[in-house]
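[1] Take a look and give me a structure for this.
(chains A, B, C, D, E and F)
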Number of protein chains: 6
Amino acid sequence: MSDGSNARLDGRRPDALRPIQFARNFTRYAEGSVLVSFGETRVLCNASVEERVPPFMRGEGRGWVTAEYAMLPRATHSRSPREATKGKIGGRTHEIQRLIGRSLRAVVDLEALGERTIQIDCDVLQADGGTRTASITGAYVALVDAVNGLVAKGLLSASPIRESVAAVSVGIVDGRPLLDLNYDEDFRAAVDMNFVITGSGLFVEVQGTAEEAPFSLAELDALRDLALSGCGELARLQQAALEG
Amino acid sequence: MSDGSNARLDGRRPDALRPIQFARNFTRYAEGSVLVSFGETRVLCNASVEERVPPFMRGEGRGWVTAEYAMLPRATHSRSPREATKGKIGGRTHEIQRLIGRSLRAVVDLEALGERTIQIDCDVLQADGGTRTASITGAYVALVDAVNGLVAKGLLSASPIRESVAAVSVGIVDGRPLLDLNYDEDFRAAVDMNFVITGSGLFVEVQGTAEEAPFSLAELDALRDLALSGCGELARLQQAALEG
Amino acid sequence: MSDGSNARLDGRRPDALRPIQFARNFTRYAEGSVLVSFGETRVLCNASVEERVPPFMRGEGRGWVTAEYAMLPRATHSRSPREATKGKIGGRTHEIQRLIGRSLRAVVDLEALGERTIQIDCDVLQADGGTRTASITGAYVALVDAVNGLVAKGLLSASPIRESVAAVSVGIVDGRPLLDLNYDEDFRAAVDMNFVITGSGLFVEVQGTAEEAPFSLAELDALRDLALSGCGELARLQQAALEG
Amino acid sequence: MSDGSNARLDGRRPDALRPIQFARNFTRYAEGSVLVSFGETRVLCNASVEERVPPFMRGEGRGWVTAEYAMLPRATHSRSPREATKGKIGGRTHEIQRLIGRSLRAVVDLEALGERTIQIDCDVLQADGGTRTASITGAYVALVDAVNGLVAKGLLSASPIRESVAAVSVGIVDGRPLLDLNYDEDFRAAVDMNFVITGSGLFVEVQGTAEEAPFSLAELDALRDLALSGCGELARLQQAALEG
Amino acid sequence: MSDGSNARLDGRRPDALRPIQFARNFTRYAEGSVLVSFGETRVLCNASVEERVPPFMRGEGRGWVTAEYAMLPRATHSRSPREATKGKIGGRTHEIQRLIGRSLRAVVDLEALGERTIQIDCDVLQADGGTRTASITGAYVALVDAVNGLVAKGLLSASPIRESVAAVSVGIVDGRPLLDLNYDEDFRAAVDMNFVITGSGLFVEVQGTAEEAPFSLAELDALRDLALSGCGELARLQQAALEG
Amino acid sequence: MSDGSNARLDGRRPDALRPIQFARNFTRYAEGSVLVSFGETRVLCNASVEERVPPFMRGEGRGWVTAEYAMLPRATHSRSPREATKGKIGGRTHEIQRLIGRSLRAVVDLEALGERTIQIDCDVLQADGGTRTASITGAYVALVDAVNGLVAKGLLSASPIRESVAAVSVGIVDGRPLLDLNYDEDFRAAVDMNFVITGSGLFVEVQGTAEEAPFSLAELDALRDLALSGCGELARLQQAALEG
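    Take a look at the predicted model:
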């Protein structure tokens, strides 16, 4: 898959991630604050520790990790109205913030977290495809920073995070399986999948959609393999950022 | 997987569907009206033909297929508040109705449908797990009835439906991959996946979630195979119902 | 009023009800579940027992009976938008659900019910006129089933229901007073009244509207008499269904 | 019913109205503006003429009369939250404003009104029972003033109002039928009815509710007679105010 | 500034208030109820005493004074939709009711008030400019009446009101600074300012807006002086009304 | 005011601004995009050009400039709920976004702008006091960039911006007038004022609030002078940034 004839518009090979960056401590008040970049996609991931849990969980001794997601109105090529102005959160936003929350909870021992909530806010400053996968991948780093702060303060004796988690999009564009689609590729994709995979290579979420062209078993397998490889690389980059 | 020691609580083999039924013409006004049963799960799927499309599609000569989904308050063991009373549609409902719409559009030639909308309403009368997969599977039958009505009236010269589509849930319960989970199994499942697959065995949607226990590649493959087999059986039952 | 020349479009005499049916235990989870039919009008009436009362009643030792009402989008000839999608409940729905609640409370000894709520859900599957009167009449049967369940479990020593209650519409169509209007008759009615009357012939609710043609005292009296007779017949049919 | 021993707390006979007043031209901008008093109940009824009709009526050559109703927060003994602050209109408000609109339309020839709307706003400044009946009765006077203004300007050649309309409450309190209940009487009433009756004695609306004690045919007839007499007196007072 | 050539359309001198009136006890239930008139602008200011404070203040021993503001739909030349019907409160309303609340709190010793709330409702019956300044000026009188009632009942040993407060608008119209603008003047004003000033001449709020023509330091000073003089006169009129 | 004993907690003199920065082109899609910093307060100001105006202005040949404002949930010391999640925009947000829009419109010739809208989005990434004044000051720079883009594309022959505009807060803290308050100073301020002033020293907006301690004429004048000086310095910094 690596000779020049296969190159994508931005020069990447089919199995290459975009340039990935994690800017930790991007804002000063959040317990974890990471500006993650997947190429031109930039998401501010803030983790807030709150010493309480939602009403339905009180008194059970377990913690909670949840997420909210939003795009700034001009994160995109043309401006989109604010959901606050419209007075309600759209279906797409609901889906994404539920996905981020589930993905993070999959690697946290909620009993060990204790009766507190870690609230993740993912705000997209600039969107060029893959905002939900960048959100999950950056939110993990912010979550680790927030949890390490609890350990440093003695509020936790050890980190309740079992392993890392990252996410990536894959898709079939012009008949070819590609890793980490940017907006132009995503727009032209016949199939679009998002995988959330742990550092040890286990699956947390698999979401594939083929609105116009159903896909074959062979294509499903090829996309799955690309995602496994991409998330492996993201796990290494997360680790490096946290050690940086 | 078929000896007695493997039997599920309701006596099914791991790879068996619940009893499936399609009651066509369940109500009298909708152009297609099917009460679908997956065991004790019962969903009323009404297809309404409207001779217009949403504003963003006007004048393009293409049609639209969309869906709404709701549960009656007492479809479940304990009563849930109505979304109309709460004044907004929840995230889960949003996800499901978007999924149903995408799944049906994947098998319809929207240009051939012409500038009209087929609106699918899936209302769950009784819920025992798998309401979204039953909804898709029943909605396909209601959609065919509605489209055939357009053909019979001469409004369409041929059906714009390319092939059939059905959906099924699979999951890992007590370490074992199972097909078509009922509520009790779904509640205990470590992994829960929904597949939407066409009559010819192509994938339309793949959604898997492992909130508490990430799953391996081998488990993913086992679930995928169960779903392919289950959707094949559902396609045969849809066909039989439409010929009945 | 009974010779052939008086026959209505569906062949009924002016003082005849449509065919009335009560299908008890229509769904499996609700403590009372009745699908009531007034001709082609079909309403699913579910009664849910909740062991609490609204906040404003707590600690007073009295129970509560309340109702919600909705139409499935395609219960009618053309599809109506869902109130959940619109984000609010309309004035007509508010009126009807308040009416159902008041009608049932009129025959229940709330002190004897104890500090619990019986929540009635009336969901119209198919609408051909008289959905509110069918709802009340069917809800009474569901309420009895739910209350009898409480007695059977020993949670109540005796039923707190004092007597039965039923409802019927009457109207003046083409100058003639008619009982139990279907949709076509209702559409053409100059006057439309709904009566809620107990098994012993006492009035619980009287609602008459003459938007375009005010009516005389003689007409009011004729409608009242038709309603008394119709509700008497409904009381007998309710009793038969509960003994069935 | 007229000897001293029957006197009500405020000294009225059972069949007596409270002191009724109509202050016309109460505000300066509305085309009709009447502050109506039924004893201590005071409602400002403004009629606004708008040279358009709602979208669903455009191009049909007919006019429309509609109403909105609200209570100032401190119209009552204790303060009630504003519906604007709560973000939605309650069921009771919906019922009342629909009732006012229907009542006025019943005496207006909408074709003769031409394609314009008369919007009635009934705002309760002080509430001591009977706010809906005072609203209807005062709104009629404001409506006449607004319509006469259209005639005076030559926009209408003759008034499209066919006859007058008024409303009154009646009820059974301590076993006795009473006319025009104030708040204390309404609070203790076993049965509460509202009648809307034209100047010629025809019925426009009949609404009776017996939440706790169903009522007999004899009681219904007694209440009806009180209402007919009371509305007759109100019609005379409306006429006098309009001539004043 | 007082010769005839300077006269405004309504004959006032540039530094003259409109006729000001305070009708106390305008409604019977509110603890303070004042209908204030600034010329043709009329606002009903009701003060309600509630023996509780908002949740965020409980247990702190301090009281609260807050306000709500609304216009009746036909207070203005053409009818405006109700905010309750629109389902939300607009930005202008929010601004005004926050301003009224802050202005009154500035002269009240909240500790001395004790843990209770005084809720002010300002409802504009007729609007001819200056509704927010009339609201503040009238609300102060209603507040005094409500507080004096608490003293009279022995619930407070002394009034917690430190001094009086009043408000007035000023503006530059046709190049000339004017006091207390009516609607026509306000509409033509290049600069519009509102001042809230205590009886002893201290500033509580200063709000000036020049959407189309920024103003100079000299103009700012001229407007400030007009407002100081106007509020001084209003303080005298408030005092006279309270002694009346 | 400049000797050491007067130094503020962060070492500033009473009449000193915090370090001010304008990062232009902070995001890539908006026609103007500026990250403005007033010390630790950071606001992303995006200007979007839309070739249409609001419905009420169509066909008048004039343009429009409007603004929206929001804080990211964790811009502050403790997390605040999103307004999108709450379903409505609060009073404070309404006030601020109206203020920003008015301030910018005051320096733009809307006729010369032509029938298009410039939509400003101010999103606070980090809040340490003065977010509304930073928003206005940064938004001006983004507005110039957006307008210059229109000129560069030949859509405008000359800039319709008449002069610059900036804003600053001033307040009385511990009895001393201070310029450009940070959060800690703002929290302790007895008086808080915001001034919006043009590059030529004219006033656009003056807003002063003294909730707990009314202020004297002398204090008002001192604050006004500080603001004039501070906005003069901001105008120079804006100019330098635009030339940078």
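[2] all strands of chain A, in order?
    Using DSSP state E, the strands of chain A run over A:20-24, A:32-38, A:41-50, A:64-71, A:117-126, A:165-173, A:176-179, A:189-198, A:203-209.
[3] and the ones you listed as CSV, adding mean neighbour count, distance to chain D and mean pLDDT?
    Using the backbone N, CA and C atoms, a C-beta is placed for each residue, glycine as well. Below are the strands of chain A laid out as CSV (neighbours: other CB atoms under 10 Å in any protein chain shown; distance: least, CB to the nearest CB, whole Å; pLDDT from 0 to 100):
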stretch, mean neighbour count, distance to chain D, mean pLDDT
strand A:20-24, 18, 40, 98
strand A:32-38, 25, 34, 98
strand A:41-50, 24, 27, 98
strand A:64-71, 23, 22, 97
strand A:117-126, 24, 25, 98
strand A:165-173, 26, 37, 97
strand A:176-179, 22, 46, 96
strand A:189-198, 23, 36, 96
strand A:203-209, 24, 35, 96
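[4] Would you mind giving those as TSV with distance to chain B added?
    Converted to TSV, the strands of chain A look like this (distance: least, CB to the nearest CB, whole Å):
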stretch	distance to chain B
strand A:20-24	22
strand A:32-38	21
strand A:41-50	19
strand A:64-71	11
strand A:117-126	15
strand A:165-173	8
strand A:176-179	14
strand A:189-198	5
strand A:203-209	4
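[5] Indicate which one of those strands is closest to residue A:227.
    strand A:189-198 (3.7 Å; CB to CB).
[6] Give me the pLDDT value at the spatially most central residue of chain A.
    Nearest to the mean C-alpha position of chain A, by CA atoms, centre = their mean, lies residue A:136 at 1.8 Å. With respect to pLDDT, residue A:136 has a value of 98.
[7] quick revisit: mind putting the strands of chain A in a markdown table, distance to residue E:131 included?
    Formatted as a markdown table, the strands of chain A follow (distance: least, CB to CB, whole Å):
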| stretch | distance to residue E:131 |
| --- | --- |
| strand A:20-24 | 50 |
| strand A:32-38 | 45 |
| strand A:41-50 | 42 |
| strand A:64-71 | 37 |
| strand A:117-126 | 39 |
| strand A:165-173 | 54 |
| strand A:176-179 | 62 |
| strand A:189-198 | 54 |
| strand A:203-209 | 54 |
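[8] and of these, who's closest to residue C:153?
    Nearest of the strands of chain A (CB to CB): strand A:64-71, 36.0 Å.
[9] returning to what we had before: out of the strands of chain A, which comes closest to residue D:79?
    Closest to residue D:79 of the strands of chain A is strand A:41-50 (CB to CB; 34.3 Å).
[10] Only C-alpha atoms, please: export the closest one in CSV.
    The C-alpha trace of strand A:41-50 is given here as CSV (Å, rounded to 0.1, in the frame of the first residue of the first chain):
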residue,chain,number,x,y,z
THR,A,41,-9.0,18.9,13.3
ARG,A,42,-8.5,20.5,16.7
VAL,A,43,-10.5,19.6,19.8
LEU,A,44,-10.1,21.0,23.3
CYS,A,45,-10.7,18.2,25.8
ASN,A,46,-11.1,19.4,29.4
ALA,A,47,-11.6,16.9,32.2
SER,A,48,-13.3,18.3,35.4
VAL,A,49,-13.4,16.4,38.6
GLU,A,50,-16.6,16.8,40.6
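[11] tell me the angle of that strand relative to strand F:117-126?
    40 degrees (axes from the mean of the first three to the mean of the last three CA atoms, to 10 degrees).
[12] ok, is strand A:41-50 in contact with chain F or not?
    Yes. Counting by CB under 8 Å from any CB of the partner chain, contacts between strand A:41-50 and chain F involve A:42, A:44, A:46, A:48, A:50.
[13] Nearest to residue B:34, out of the strands of chain A?
    strand A:203-209 (24.6 Å).
[14] elements contacting that closest one?
    Packing contacts for strand A:203-209, counted by 3 or more CB pairs under 8 Å, 6 or more residues apart in numbering or on different chains; DSSP states H and E, involve helix A:91-105, strand A:189-198, helix A:217-243, strand B:203-209, helix B:217-243.
[15] how distant is it from the center of its chain?
    Computed by CA atoms, centre = their mean, to the nearest Å, the chain-centroid distance of strand A:203-209 equals 12 Å.
[16] hmm, who's touching it?
    A:99, A:102-103, A:106-107, A:165, A:167, A:191-198, A:215, A:220, A:223-224, B:102, B:193, B:203-210, B:214-217, B:220 (CB atoms under 8 Å, 6 or more residues apart in numbering or on different chains).
[17] Ok, stretch A:102-111 next?
    Residues from elsewhere that reach stretch A:102-111, judged by CB under 8 Å, 6+ apart: A:61-65, A:67, A:120, A:136, A:139-140, A:143, A:160-165, A:167, A:196, A:198, A:204-205, B:209-214.
[18] let's see it at 7 Å
    Outside stretch A:102-111, the residues that touch it by CB atoms under 7 Å, 6 or more residues apart in numbering or on different chains are A:61-65, A:67, A:120, A:136, A:139-140, A:143, A:160-165, A:167, A:196, A:198, A:204-205, B:209-212, B:214.
[19] The closest residue to chain E within chain A and residue F:89: what is the separation?
    As assessed by CB to the nearest CB, chain E sits closest to residue A:87 within chain A, at 7.4 Å. Residue A:87 sits at a distance of 8 Å from residue F:89 (criterion: CB to CB, to the nearest Å).
[20] Compare the two (neighbour count), which wins?
    residue F:89 (22 against 18; other CB atoms under 10 Å in any protein chain shown).
[21] For the more buried one, grab phi and psi.
    phi -90, psi 130 (degrees, to the nearest 10).
[22] what does chain A put close to chain F?
    With CB under 7 Å from any CB of the partner chain as the criterion, chain A comes near chain F at residues A:27-30, A:40, A:46, A:48, A:50, A:68, A:70, A:72-74, A:76-77, A:79, A:82-85, A:87-89, A:119, A:121, A:123, A:125-126.
[23] The same query, at a cut-off of 6 Å, please.
    Contacts of chain A with chain F, taken as CB under 6 Å from any CB of the partner chain, map to A:27, A:29-30, A:46, A:48, A:72-74, A:77, A:79, A:83-84, A:87, A:89, A:121, A:123, A:126.
[24] farthest-separated two in the residues of strand A:41-50 next to chain F?
    Greatest spacing in the residues of strand A:41-50 next to chain F, by CB to CB: A:42 and A:50 (25.7 Å).
[25] and the nearest residue to the residue nearest to the centre of chain A once chain neighbours are set aside, what does it touch?
    Excluding the flanking residues, the one nearest residue A:136 by CB to CB, 6 or more residues apart in numbering or on different chains is residue A:167, at 3.9 Å. For residue A:167, the contact set (CB atoms under 6 Å, 6 or more residues apart in numbering or on different chains) comprises A:133, A:136, A:137, A:196.
[26] Go again with 7 Å.
    Contacts of residue A:167 by CB under 7 Å, 6+ apart are A:103, A:133, A:136, A:137, A:194, A:195, A:196.
[27] Distance of the fifth one relative to residue C:147?
    If I follow you right, that is residue A:194. For residue A:194, the distance to residue C:147 equals 51 Å [CB to CB].
[28] Could you check which residue of chain A lies nearest chain D?
    Closest point on chain A to chain D, by CB to the nearest CB, is residue A:87, at 9.5 Å.
[29] Which residue, neighbours along the chain excluded, lies closest to residue A:66?
    Nearest one to residue A:66, counting by CB to CB, 6+ apart, is residue A:101 at 4.6 Å.
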